[in-house]
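Show me how the following folds:
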Amino acid sequence: MQQKKWKILGRQQRPDDIQRLATEYAIPPVIAAILLNRQVKDVSMFLSPDLSLLHDPALMKGMGEAVSRILEAIQRGERITVYGDYDVDGITSTACVVRFLREHQANVTYYIPDRMGEGYGVNTGAIARMAEEGCTLLLTVDCGITAVEEVAYAKTLGMDVIITDHHECKEQLPDAYSIVNPKQPGCPYPFKKLAGVGVAFKLLQAITQRLRYHMTEFIEAYMDLVAIGTVADVMPILDENRIIVKKGLELLPYTQNRGLRAVMAYAGLADRAVNTGTISFMIAPRINAAGRMGDPKMAVEMLLATDDKTANKYANILNEANKERQGTEQIIFEEALSLIASDPAYATESVLVLSHPGWHHGIIGIVASKLTERYYRPTILISTEDGMGKGSGRSIRGLNLFEALSHCADDLVKFGGHELAAGLTLREEDIPAFRQHINAYAAGVLTQSDFVPSLNIDCELPIAYINLGTVERLSVLEPFGMGNPNPVFYLRGLRIANLRALSEGRHLKLTLSRQGYLVDAIGFNMGQFLPQLKLGDLIDIAFSLDVNLFRGERLVQVLLKDIRFSEVR
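Here you go, the predicted structure:
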């Protein structure tokens with residue numbers, strides 16, 4: 001029955017180290033154990049992520065030159081164009097920078113490429129139109145770090161280009177006026193995992209410092225958007241991102257951004273506390289729907305709205321687009337499953353490479369994620385049209401997708417992205433060769449054990465500790481997210497006292513007993529375990545703790561992550 005490798009992180013820790021950390025910071029041992037598991041270097045910063053601990057933006061390579069050129073452009077009344085991306089990170093980056101520059105009386109406009117017609121990144125057609133409109137300073141956000149030819153073209157048209165980005169750098173960097181990216185060679189900035197909106201935020205912070213404006217007011221005006229972009233782009237909630245997200249979550253229920261208020265109302269979140277899960281599953285999909293299903297400028301305009309009527313108009317459009325996205329996503333998912341079933345070779349290949357005419361460019365990344373989770377293999381979906389293919393890929397731990405694509409560069413027209421997610425363009429005729437080559441590369445990198453998903457478990461939690469008090473103590477570790485997941489615990493030798501299916505067999509509900517205690521546990525999407533279990537079975541469980549509000553009463557809830565038969569007797 002066991003489906004995952006249990007990796008008990010707590011076994012790596014010495015009891016003396018746990019107790020020493022618990023004593024030093026006056027925290028329960030279970031919290032100390034989790035901090036050691038996460039290899040938290042600055043415990044004070046982690047436990048108290050204060051705004052005063054934000055890093056100095058001047059440490060970022062290229063920042064001084066970027067600030068000086070922007071202020072010069074504002075003073076001269078030059079036309080500045082902010083060039084963004086169509087995902088949540090790019091949209092929030094664009095909204096933050098445009099709003100900030102408008103507040104500083106800049107002559108500023110913005111441009112976001114059409115996902116379907118133009119694809120990701122800076123393109124020469126857009127640059128030509130900007131030049132015709134009189135743009136002399138092009139400022140990229142969440143893109144541009146690989147735009148070598150495009151930046152060179154912009155320079156021939158008399159534009160200066162400032163790049164702010166967070167994506168991986170290739171060997172050759174664009175010859176821009178300034179590059180602000182903590183991942184570029186020689187950048188001493190201490191934290192490399194900012195989102196695109198995080199880098200843009202540091203630029204605005206640097207301008208605010210240069211002008212000696214009030215920093216607290218600036219932070220409170222923008223941190224909600226920066227937090228949304230950071231969470232949506234699945235950046236690790238550590239170091240500076242932890243400060244950004246924690247503060248942003250505090251501000252979101254009281255946001256002064258009319259667009260955010262409107263989209264949160266459509267999501268049923270008006271005046272409610274939010275967490276990273278709320279952003280990921282309720283706020284971000286609605287903002288993302290603009291770029292996936294239509295015009296991403298609608299989302300930017302919503303976030304820039306200065307009146308409620310405009311904000312509500314765009315929020316309604318995005319809400320309907322999100323519903324359309326959900327339907328299209330299900331169709332593509334089912335078509336992808338049919339392709340896998342129709343080709344026996346997929347059962348033996350390390351990387352799933354699927355192509356289909358007319359798949360929606362804005363949806364294939366989501367479906368690739370679902371397939372990666374289902375089959376636990378790297379997955380690349382390619383939509384073909386007029387002899388070309390545009391793809392989106394997701395990977396698993398063990399295969400750096402960006403590096404894998406680099407090894408297949410001869411098959412590709414262009415590509416870019418991260419370790420676990422990437423986009424690509426190629427000729428349709430090259431798809432079979434690309435499928436062969438990336439699988440050959442993956443076969444030399446991945447081992448059989450890489451295809452068995454592992455479950456990181458912090459430590460054993462005595463059954464007596466499953467209560468609201470423990471949940472409240474664990475809250476000091478929030479916000480949770482990439483790099484700082486919700487703690488997972490395990491218990492051994494629990495006897496099944498009751499079991500039943502929920503939601504037509506999709507979910508599993510168990511009542512478990514041990515040492516005189518009874519625990520109710522729920523396993524969402526774990527209904528497949530039910531036929532293998534019976535009353536009286538002894539099982540081990542991996543689980544997280546949460547609070548369930550039932551008829552006005554707060555109850556502790558055990559959320560199952562995995563089940564296996566117990567060797568404890």
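
Hmm, residue 262 and residue 312 touching each other?
Yes - if you go by Cβ atoms under 8 Å, residue 312 and residue 262 touch, sitting 4.8 Å apart. From N, CA and C alone the C-beta is placed, and that goes for glycine too.

Who has more neighbours out of these two?
residue 262 (26 against 19; other Cβ atoms under 10 Å).

where's the closest residue to that one other than its chain neighbours, which helix or strand?
Leaving aside its chain neighbours, residue 262 sits nearest to residue 315 (3.6 Å; criterion: Cβ to Cβ, 6 or more residues apart in numbering). In this assignment (DSSP states H and E), residue 315 forms part of helix 308-342.

Quick check: next helix or strand after that helix?
The C-terminal neighbour of helix 308-342 among helices and strands, as given by DSSP H and E, is strand 352-357.

For that next one, which strands pair with it and how are they oriented?
When sheet partners are counted by DSSP bridges, strand 352-357 sits next to strand 379-385 (parallel).

So what's the gap between the partner strand and the chain middle?
Mean-position distance between strand 379-385 and its chain equals 21 Å (Cα atoms, centre = their mean, to the nearest Å).

hmm, who's touching it?
Strand 379-385 is contacted by residues 332, 336, 351-361, 364-365, 367-369, 371-372, 389-394, 424, 426, 428, 431, 438 when judged by Cβ atoms under 8 Å, 6 or more residues apart in numbering.

Hey, what's the angle from the helix holding residue 315 to strand 379-385? Just curious.
100 degrees (axes from the mean of the first three to the mean of the last three Cα atoms, to 10 degrees).

tell me which strands and helices helix 308-342 is in contact with?
When contacts are defined as 3 or more Cβ pairs under 8 Å, 6 or more residues apart in numbering; DSSP states H and E, helix 308-342 packs onto helix 258-266, helix 284-293, helix 297-304, strand 352-357, helix 364-375.

got the angle for the shortest one vs helix 364-375?
Computed with the same axes, to 10 degrees, the direction of strand 352-357 lies at 140 degrees from that of helix 364-375.

OK, contacts around the closest residue to residue 236 other than its chain neighbours?
Using Cβ to Cβ, 6+ apart and skipping residues adjacent in sequence, the residue nearest residue 236 is residue 483, 2.8 Å away. Residue 483 is in contact with 38, 193, 235-238, 241, counting by Cβ under 8 Å, 6+ apart.

Would you mind checking which helix or strand in the chain has the lowest mean pLDDT?
Using mean pLDDT, DSSP states H and E, strand 414-417 stands out as the lowest-scoring helix or strand of the chain, at a mean of 85.

from the middle of its chain, how far away would the helix or strand following it be?
Downstream of strand 414-417, the next assigned helix or strand under DSSP H and E is strand 421-427. Centroid separation for strand 421-427 versus its chain: 19 Å, with Cα atoms, centre = their mean.

And the next helix or strand past strand 421-427?
helix 431-445.

Give the buried residues for that next one.
431, 434-435, 437-439, 441-442 (16 or more other Cβ atoms under 10 Å).

Closest one of those to residue 158?
residue 434 (38.5 Å; Cβ to Cβ).

what sits against that closest one?
Counting by Cβ under 8 Å, 6+ apart, residue 434 touches 353, 408, 411-412, 426.

got TSV for those, with pLDDT too?
Output for the contacts of residue 434, formatted as TSV (pLDDT from 0 to 100):
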residue	pLDDT
353	97
408	96
411	96
412	96
426	96
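
Now which of those residues would you call buried?
353, 408, 411-412, 426.

Can you say which two of the residues you listed are spatially most distant?
353 and 412 (12.3 Å).

give me phi/psi at residue 168?
phi -60, psi 140 (degrees, to the nearest 10).

State the distance from residue 114 to residue 250.
Distance, residue 114 to residue 250, by Cβ to Cβ, to the nearest Å: 35 Å.

scratch that, residue 300 is what I was asking about
24 Å.

swap in residue 272?
Taken as Cβ to Cβ, the span from residue 272 to residue 250 is 13 Å.

out of the two, which sits in the busier spot?
Set residue 272 next to residue 250 and count neighbours by other Cβ under 10 Å: residue 250 wins out with 16 against 11.

what residues are up against residue 81?
Here residue 81 is in contact with 108-111, 130, 133, 135, 137-139 (criterion: Cβ under 8 Å, 6+ apart).

Do a quick rundown of the strands in the stretch 101-250 of the chain.
Counting by DSSP state E, counting those that start in this stretch, the stretch 101-250 of the chain has strands at residues 107-111, 135-141, 160-164, 178-180.

What average pLDDT does the last one get?
Averaged across strand 178-180, the pLDDT comes to 98.

Describe which strands that strand pairs with in its sheet and in which direction.
Assessed with DSSP bridges, strand 178-180 is paired to strand 160-164 (parallel).

cool, and the longest one?
According to DSSP bridges, strand 135-141 has the following sheet partners: strand 79-83 (parallel), strand 160-164 (parallel).

thinking again about what came up before, looking at the buried residues of helix 431-445, which one is closest to residue 187?
Using Cβ to Cβ, those come closest to residue 187 at residue 441, 28.8 Å.

since we're on the nearest residue to the closest one once chain neighbours are set aside, how many residues are nearby?
Nearest non-adjacent residue to residue 441, counting by Cβ to Cβ, 6+ apart: residue 407, 4.8 Å away. Residues near residue 407, counting by other Cβ under 10 Å, number 15.

quick one: contacts for residue 407?
By Cβ under 8 Å, 6+ apart, the neighbours of residue 407 are 437-438, 441.

Redo the residues you listed as CSV? Include pLDDT.
Compiled in CSV, the contacts of residue 407 are given as follows (pLDDT from 0 to 100):
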residue, pLDDT
437, 97
438, 97
441, 96
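
which one among these gets closest to residue 90?
Taking the contacts of residue 407 together and measuring to residue 90 by Cβ to Cβ, the closest member is residue 438, at 26.4 Å.

In this structure the closest one contacts residue 409, no?
No - judged on Cβ under 8 Å, residue 438 makes no contact with residue 409 at a distance of 11.0 Å.

which residues in the stretch 51-200 of the chain form helices?
Along the stretch 51-200 of the chain, counting by DSSP state H, counting those that start in this stretch, helices occupy 63-76, 88-103, 124-132, 148-156, 196-211.

May I see the buried residues of stretch 145-158?
Using 16+ other Cβ under 10 Å as the test for burial, stretch 145-158 gives 145-147, 150-151, 153-155.

how about the CA coordinates for it, as PDB?
Only the C-alpha atoms of stretch 145-158 are listed here, as PDB (Å, rounded to 0.1, in the frame of the first residue of the first chain):
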ATOM      1  CA  ILE A 145      17.500  38.400 -19.000                       C
ATOM      2  CA  THR A 146      17.900  36.300 -22.200                       C
ATOM      3  CA  ALA A 147      16.900  39.100 -24.700                       C
ATOM      4  CA  VAL A 148      20.300  39.600 -26.200                       C
ATOM      5  CA  GLU A 149      19.200  40.300 -29.800                       C
ATOM      6  CA  GLU A 150      16.100  42.300 -28.700                       C
ATOM      7  CA  VAL A 151      18.100  44.600 -26.500                       C
ATOM      8  CA  ALA A 152      20.700  45.100 -29.300                       C
ATOM      9  CA  TYR A 153      17.800  46.100 -31.600                       C
ATOM     10  CA  ALA A 154      16.300  48.500 -29.100                       C
ATOM     11  CA  LYS A 155      19.700  50.300 -28.800                       C
ATOM     12  CA  THR A 156      19.700  50.800 -32.600                       C
ATOM     13  CA  LEU A 157      16.400  52.600 -32.200                       C
ATOM     14  CA  GLY A 158      17.900  55.000 -29.600                       C
END
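
Just the buried residues of the contacts of strand 379-385.
In the contacts of strand 379-385, the ones that pass as buried (16+ other Cβ under 10 Å) are 332, 336, 351-356, 359-361, 364-365, 367-369, 371-372, 389-394, 424, 426, 431, 438.

Please determine how far residue 48 is located from residue 146.
In terms of Cβ to Cβ, residue 48 sits 38 Å off from residue 146.
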